[in-house]
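[1] curious how this folds, go ahead:
(4 chains)
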There are 2 protein chains.
Amino acid sequence: MAKAGVTDSQTRLKIFRAASDIFEEKGYEGARMQEIADKAGINKALLHYYFRSKDQLFMAVFQVLLKKMFEKIMTIFAADITFKEKIRLFLGQHIDFLSKNPKLPIFLLNEISKNPSIATGLKETLQYGEMRDLLYMKHAKELRGYGIKKSDMPQLMVTVVSMSVFPYAAREMIAIMMPQMLDNKRFKTFMEERKEFASDFILNSLKHRKK
Amino acid sequence: MAKAGVTDSQTRLKIFRAASDIFEEKGYEGARMQEIADKAGINKALLHYYFRSKDQLFMAVFQVLLKKMFEKIMTIFAADITFKEKIRLFLGQHIDFLSKNPKLPIFLLNEISKNPSIATGLKETLQYGEMRDLLYMKHAKELRGYGIKKSDMPQLMVTVVSMSVFPYAAREMIAIMMPQMLDNKRFKTFMEERKEFASDFILNSLKHRKK
DNA sequence: CATATTTTTGACCTATTGGTTAATTCATTT
DNA sequence: AAATGAATTAACCAATAGGTCAAAAATATG
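    The predicted structure is shown next:
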């Protein structure tokens, strides 16, 4: 029995976890309700008892995973440290986060690309512009010192985020040219090294920017 | 009638083009043979007459698109200019290329991620390591001048490629935080500016690298 | 303990999907 | 123009997919 009407039942949780795994691995179109039911160890009809349809089950999963990703990024960017420190903190923590959720980037990127409307919920939650402006205001002096104008922020932020996200999303593509990347240990090492490489790379570039 | 057994018939081409569009837009799982037939203006049975199965049709399309992407990158990297010039050339030309094929990155990234085996063909064609080593040999002096060791090449190359590819693959995700990116004109401008921003960013970082 | 409520199941339904087939149309050759 | 082979079609097929339903278990309630 649900304790307060919001508490997830054990079964509901089992379903949700199985669905997360399957959707993340195969995407919305590739996922099968039967497979999710099997993985959750329950009947397929029970899936529809807890979540009416594939769409609704998917949306429940997607919202949580998308939020998980964004909250991680936002939390780090909101920290009360210098921008310089923030870059290192971001690459360190975000790569740690992604190494625990390596399939998350390509899943989110693909699903939202194939059907942008599924993100409207989060889009409304985040007052847009907020992040970029907040970040610039917070570090205005430091950033101006680097020759970064407010209008440069989108370019800079996309660059920073791509440093951690892209290698996970593109791992198999990268492996075409560098097969050693197929080895989990090697890839892990590559990403560990990337924390420092990318941090240095970005800060180096900023430090010596021509204004 | 086929002129030499290799020449594509008009119908075959129509099918191939329609299939490219649909697959690129919806992915393998999301694509429907009927929709491809409709777009090609032919009967569904004719699809199977020219390409036996969905798998084979997909593979034909995928191979061409993957090759298209790789050849573009390889050609630029193979140019006989300094590494510095190469960075600018790459970002200029590759962004031009992707602006004509904006859905290509997420399509390739997702399909290969969901089913890595589909790329084995290309993987065998490219002698792996070749590119990275060739590139380093060609610019050994210049790169050492920047403090780039051979072992840094993977990090550097992933960084450079992500500069152009990531914004296209992540456009809808970026738009969650920066809704102006939904506007095609704005996004186009963003990517035009990115040619210079990214080039400067990379070269700046390299120029002042601590060795 | 009996009754009401919730959870779980197996069996079933319908629509969709990739794929096949046999017949027809079209073009080429002699 | 008859014959031959390739291109094209409509109709069909079997498997799979998401989804439903009524009955059975399990659990809570008075």
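
[2] so where is chain A shaky, pLDDT-wise?
    Residues of chain A that meet the criterion pLDDT under 70 lie in A:1-7, A:127-129, A:211.

[3] if I look at the spatially most central residue of it, how far off is chain B?
    Centroid-nearest residue in chain A: A:M69, 3.4 Å away (criterion: C-alpha atoms, centre = their mean). From A:M69 across to chain B, the span is 9 Å (C-beta to the nearest C-beta, to the nearest Å). Heads up, the C-betas are built off the backbone N, CA and C, glycines and all.

[4] swap in A:M157?
    8 Å.

[5] surely that residue touches A:R132?
    Yes: counting by C-beta atoms under 8 Å, A:M157 touches A:R132, with 6.7 Å between them.

[6] where do the contact lists of these two overlap?
    B:M177 (C-beta atoms under 8 Å, 6 or more residues apart in numbering or on different chains).

[7] how does chain A divide into domains?
    For chain A, the structural domains run A:9-52, A:65-207, going by automatic domain parsing.

[8] nearest to DNA strand D, of those?
    Closest approach to DNA strand D among the domains of chain A (C-beta to the nearest atom of the strand): domain A:9-52, 3.4 Å.

[9] name the SS class of A:P102, please.
    Recorded secondary structure, A:P102: coil (DSSP: H, G, I helix; E, B strand; the rest coil).

[10] so the residue nearest to it when sequence neighbours are not counted, which state does it fall into?
    In space, and not counting its chain neighbours, A:P102 is closest to A:Y168: 5.3 Å by C-beta to C-beta, 6 or more residues apart in numbering or on different chains. Using three-state DSSP, the structure places A:Y168 in helix.

[11] what's the burial count for A:Y168?
    21 (other C-beta atoms under 10 Å in any protein chain shown).

[12] surely it touches A:L108?
    No: look at A:Y168 against A:L108 with C-beta under 8 Å: they stay out of range, at 10.7 Å.

[13] in CSV, list the domains of chain A along with distance to B:A40.
    Listed next are those as CSV, based on distance: least, C-beta to C-beta, whole Å:
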stretch, distance to B:A40
domain A:9-52, 21
domain A:65-207, 22
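
[14] nearest approach to B:H48 belongs to which of these?
    domain A:9-52 (21.2 Å; C-beta to C-beta).

[15] ranges for the helices of chain A?
    Here chain A has its helices, by DSSP state H, at A:10-30, A:33-40, A:44-50, A:54-78, A:83-100, A:104-114, A:120-125, A:130-138, A:140-145, A:153-169, A:171-177, A:184-207.

[16] dump these to a markdown table, plus distance to DNA strand C.
    Output for those, formatted as a markdown table (distance: least, C-beta to the nearest atom of the strand, whole Å):
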| stretch | distance to DNA strand C |
| --- | --- |
| helix A:10-30 | 4 |
| helix A:33-40 | 8 |
| helix A:44-50 | 3 |
| helix A:54-78 | 13 |
| helix A:83-100 | 29 |
| helix A:104-114 | 15 |
| helix A:120-125 | 24 |
| helix A:130-138 | 38 |
| helix A:140-145 | 50 |
| helix A:153-169 | 25 |
| helix A:171-177 | 23 |
| helix A:184-207 | 33 |
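
[17] including distance to B:N204, could those go into JSON lines?
    As requested, those are exported to JSON lines (distance: least, C-beta to C-beta, whole Å):
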{"stretch": "helix A:10-30", "distance to B:N204": "37"}
{"stretch": "helix A:33-40", "distance to B:N204": "49"}
{"stretch": "helix A:44-50", "distance to B:N204": "53"}
{"stretch": "helix A:54-78", "distance to B:N204": "23"}
{"stretch": "helix A:83-100", "distance to B:N204": "15"}
{"stretch": "helix A:104-114", "distance to B:N204": "27"}
{"stretch": "helix A:120-125", "distance to B:N204": "34"}
{"stretch": "helix A:130-138", "distance to B:N204": "20"}
{"stretch": "helix A:140-145", "distance to B:N204": "15"}
{"stretch": "helix A:153-169", "distance to B:N204": "12"}
{"stretch": "helix A:171-177", "distance to B:N204": "24"}
{"stretch": "helix A:184-207", "distance to B:N204": "4"}
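
[18] of the domains of chain A, which is nearest A:M59?
    That would be, of these and by C-beta to C-beta, domain A:65-207, which comes in at 6.7 Å.

[19] now do the end-to-end distance for that closest one.
    35 Å (C-alpha to C-alpha, to the nearest Å).

[20] what residues does A:P154 make contact with?
    Neighbours of A:P154 in contact, by C-beta under 8 Å, 6+ apart: A:132, B:178, B:181, B:190.

[21] report the buried members of those residues.
    A:132, B:178, B:181, B:190 (16 or more other C-beta atoms under 10 Å in any protein chain shown).

[22] any chance of those in TSV with distance to A:L122 as columns?
    Formatted as TSV, the buried ones among the contacts of A:P154 follow (distance: C-beta to C-beta, whole Å):
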residue	distance to A:L122
A:R132	16
B:M178	13
B:M181	15
B:F190	21
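
[23] residues near the nearest residue to A:L182 once chain neighbours are set aside, how many?
    Nearest non-adjacent residue to A:L182, counting by C-beta to C-beta, 6+ apart: A:A175, 4.8 Å away. A:A175: 19 surrounding residues under other C-beta under 10 Å.
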